[in-house]
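**Q** Take this sequence and fold it.
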Amino acid sequence: MGSRGRPHGSRAPEEYDHAPPGVSRRATRGRADRRRAAKRAVRRKRRSLLREIPIIIVVALGITLMLQTFLVQVFSIPSGSMQNTIQIGDRVVVNKLSPWFGWKPARGDVIVFKDPGHWLDNTAESPQKDGPVLTTVKNVFTFVGLLPSDRDLIKRVIGVPGDTVACCDSQGRITVNGVSIDEPYLFPGNAPSAITFRVTVPAGKLWVMGDHRLISADSRYHMNDATRGFVPESDVVGRAEAIVWPVPRWQTLASPTDFSGVPGTPAAAAGRENFDQPSALAAAGPLPAELPLVMGMAAAWPRVRARWRSRR
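**A** Residues are numbered from 1 along each chain as shown. Below you'll find the model as predicted:
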């Protein structure tokens with residue numbers, strides 16, 4: 001017998017003719033309908049999950065963008081210019097919140113800053129030209145800290161606005177405002193500088209140097225270009241607070257006290273926090289390397305879960 005005349009999805013009466021002993025045909029039909037309804041519900045939930053996954057991703061990335069714009073960002077280190085303080089491949093978390101409240105870099109701070117004037121050209125950190133697809137993929141991985149940025153640098157602040165920085169004294173040490181600086185963070189075997197110089201840091205600028213002085217293309221190597229070796233404070237992304245990956249390298253990056261004897265200048269002292277006191281973020285200890293992305297996912301999940309429950 002054909003199926004014409006029966007509603008879609010219904011079964012022919014003879015399909016219920018062979019009910020188990022002691023069980024009515026009505027009960028058999030009821031259980032069959034419930035099984036079909038349960039299967040349909042499972043299929044709906046699977047389709048719903050597939051529709052919700054893009055929502056989770058979009059919401060998580062949106063929250064991640066907010067966190068990395070205003071709170072913290074993870075950077076992967078591609079070069080050895082800050083060895084041994086920071087090694088190649090380390091991931092550091094940068095505090096981007098303090099600048100919103102008037103923080104200014106202090107002597108000894110390790111900072112991440114935007115390339116102020118083609119400093120990355122012709123260096124090991126120089127950006128590579130890739131196709132549009134590969135560039136997009138790299139930007140996404142850089143955004144969450146899985147790849148190094150090709151537009152930012154990391155160095156240590158040696159001079160702030162108004163400071164006179166020079167190399168070197170009779171013992172080969174850097175001087176700041178006439179005070180010789182002991183630098184225990186220097187790479188073993190490195191002299192404080194193989195280049196002699198004497199500069200006065202202009203207002204709104206910084207003088208920065210890497211801890212591995214022999215290979216760091218820092219302020220000293222750009223005294224003759226348009227920047228004159230100075231980094232605008234407006235180009236500072238934030239202060240590097242901690243190494244968060246790999247796990248055996250977890251440590252905070254507190255500013256050294258070696259600059260405590262340097263006399264301040266009105267320009268240098270204005271609006272700067274005490275560099276002897278670690279910030280709240282540094283005191284909290286190392287943070288997971290993909291903290292912003294994880295926090296974005298965590299924030300998006302309750303909303304999506306509530307929507308799933310409402311559909312049951």
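
**Q** where does the chain dip in pLDDT?
**A** For the chain, applying pLDDT under 70 flags the ranges 1-30, 41-50, 60-70, 122-150, 265-312.

**Q** the strands in it, which residues?
**A** Listed in chain order, the strands of the chain (DSSP state E) span 72-76, 91-95, 110-114, 152-159, 164-167, 174-176, 179-180, 197-200, 205-209, 230-232, 236-245, 251-252.

**Q** Walk me through which strands the third one pairs with, and which way each runs.
**A** In its sheet, strand 110-114 lies beside strand 152-159 (antiparallel), strand 236-245 (antiparallel), with partners assigned from DSSP bridges.

**Q** circling back to that earlier point, may I see the strands of the chain arranged in TSV, with mean neighbour count and distance to Trp103 as well?
**A** In this view, the C-beta of every residue, glycine as well, is placed from N, C-alpha and C. TSV is the format used below for the strands of the chain (neighbours: other CB atoms under 10 Å; distance: least, CB to CB, whole Å):
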stretch	mean neighbour count	distance to Trp103
strand 72-76	22	14
strand 91-95	25	8
strand 110-114	22	11
strand 152-159	25	12
strand 164-167	20	21
strand 174-176	21	20
strand 179-180	16	24
strand 197-200	15	23
strand 205-209	27	13
strand 230-232	21	16
strand 236-245	23	8
strand 251-252	16	17
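
**Q** picking up where we left off before, how about the strands paired with strand 110-114 in a markdown table, adding distance to Val176?
**A** Compiled in a markdown table, the strands paired with strand 110-114 are given as follows (distance: least, CB to CB, whole Å):
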| stretch | distance to Val176 |
| --- | --- |
| strand 152-159 | 6 |
| strand 236-245 | 19 |
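
**Q** Which of these sits closest to Met223?
**A** Among the strands paired with strand 110-114, strand 152-159 comes nearest to Met223, with 12.8 Å by CB to CB.

**Q** Can you list the neighbours in contact with that closest one?
**A** Strand 152-159 has contacts (CB atoms under 8 Å, 6 or more residues apart in numbering) with 75, 77, 81-82, 85-86, 92, 105-115, 119-120, 125, 165, 174, 176, 181, 185, 199, 201, 206-211, 216, 218-219, 231, 237, 240.

**Q** Do a quick rundown of the helices in this structure.
**A** Counting by DSSP state H, one finds helices in the chain at the ranges 25-70, 132-143, 266-269, 280-283, 291-310.

**Q** just to revisit the earlier point, take the strands of the chain and write them to JSON lines, including distance to Arg51.
**A** Output for the strands of the chain, formatted as JSON lines (distance: least, CB to CB, whole Å):
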{"stretch": "strand 72-76", "distance to Arg51": "31"}
{"stretch": "strand 91-95", "distance to Arg51": "34"}
{"stretch": "strand 110-114", "distance to Arg51": "39"}
{"stretch": "strand 152-159", "distance to Arg51": "37"}
{"stretch": "strand 164-167", "distance to Arg51": "59"}
{"stretch": "strand 174-176", "distance to Arg51": "60"}
{"stretch": "strand 179-180", "distance to Arg51": "65"}
{"stretch": "strand 197-200", "distance to Arg51": "60"}
{"stretch": "strand 205-209", "distance to Arg51": "49"}
{"stretch": "strand 230-232", "distance to Arg51": "47"}
{"stretch": "strand 236-245", "distance to Arg51": "34"}
{"stretch": "strand 251-252", "distance to Arg51": "43"}
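
**Q** Nearest to Pro54, out of the ones you listed?
**A** Distance to Pro54, taken as CB to CB, is lowest for strand 72-76 among these, at 24.5 Å.

**Q** That closest one - contacts with which helices or strands?
**A** strand 91-95, strand 236-245, helix 291-310 (3 or more CB pairs under 8 Å, 6 or more residues apart in numbering; DSSP states H and E).

**Q** Could you report the separation of Ala242 from Pro105?
**A** Using CB to CB, to the nearest Å, we find Ala242 at a distance of 17 Å from Pro105.
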